[in-house]
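> Here is a sequence with its predicted model. Questions after.
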Amino acid sequence: MTQQATIQGTLSEQDRKAIETLYSAFSNNPDALDNAVTEDWQDIPLAPGQDPGREAMKPMIRAFNAAFPDARITIQELIGVAGKAAVRAEITGTHEGEWFGVKPTGKAFVLPIHEFHHVENGRVTKTWHMEDWFGWLHQMGAMGAGQEQGR
């Protein structure tokens, strides 16, 4: 997963592995969260209807995997110091199931993500994340750009 990644800083090997394991959970392995994040992990912001904590994320990952069964997260850059890390990555996959109300399109996509993590004792405790879902909607043709509204 990090063969292409640029890794900078003083983040411990144990903490780096926790972050990589967190991302691997999104490749049809939600139980990998057990080895990556604390039970009371804070995922900020929560998705609509998502409860806080590790166990509440697992059904979200299963739904994500149903929509994107071939999804992969590739870390492009990881910059860290003891207990904190910034990640620039991308999600790639194919839209095979409904997501955000968008019916399957069969289209491949690339979705940039930027995240900040707090890590303690080899487990992620907090994640602040931003994904370019607006760009994803555009790639899926779900934006309605160029369509006349109200006619």
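Sure thing, it's come through.

> Could you use CA atoms for every contact and neighbour count after this?
Will do.

> quick one: secondary structure of I91?
Taking DSSP: H, G, I helix; E, B strand; the rest coil as the rule, one finds I91 in the strand state.

> Look at it and say how many residues are nearby.
18 (other CA atoms under 10 Å).

> Relative to N29, how far out is L111?
Going from L111 to N29 by CA to CA, to the nearest Å gives 20 Å.

> biggest strand in the chain by residues?
Using DSSP state E, we find that the single longest strand of the chain is strand 108-120.

> Tell me which other helices or strands it touches.
If you count contacts as 3 or more CA pairs under 8 Å, 6 or more residues apart in numbering; DSSP states H and E, strand 108-120 packs onto helix 13-24, strand 84-94, strand 123-131, helix 133-139.

> And the closest residue in space to I113 that isn't next to it in sequence, how close does it get to T38?
Computed as CA to CA, 6 or more residues apart in numbering, the closest residue to I113 that is not its neighbour in sequence is E131, at 4.4 Å. Distance, E131 to T38, by CA to CA: 22 Å.

> Return the helix or strand in the protein with minimum mean pLDDT.
The weakest-scoring helix or strand in the chain, judged by mean pLDDT, DSSP states H and E, is strand 6-9 (a mean of 79).

> For it, which strands pair with it and how are they oriented?
Using DSSP bridges, strand 6-9 pairs in its sheet with strand 72-81 (parallel).

> starting at the chain centroid, how far to the partner strand?
Relative to the centre of its chain, strand 72-81 is centred 11 Å away, using CA atoms, centre = their mean, to the nearest Å.

> Okay, buried residues for it please.
In terms of neighbour count (16 or more other CA atoms under 10 Å), strand 72-81 has its buried residues at R72, I73, T74, I75, Q76, E77, L78, I79, G80.

> Ok, stretch 32-44 next?
In stretch 32-44, counting by 16+ other CA under 10 Å, buried: A32, L33, D34, N35, A36, V37, T38, E39, W41, Q42, D43.

> Please name the residues that touch the nearest residue to A67 once chain neighbours are set aside.
Excluding its sequence neighbours, the residue lying closest to A67 (CA to CA, 6+ apart) is G97, at 3.7 Å. Taking CA atoms under 8 Å, 6 or more residues apart in numbering, we find G97 in contact with A66, A67, F68, K103, P104.
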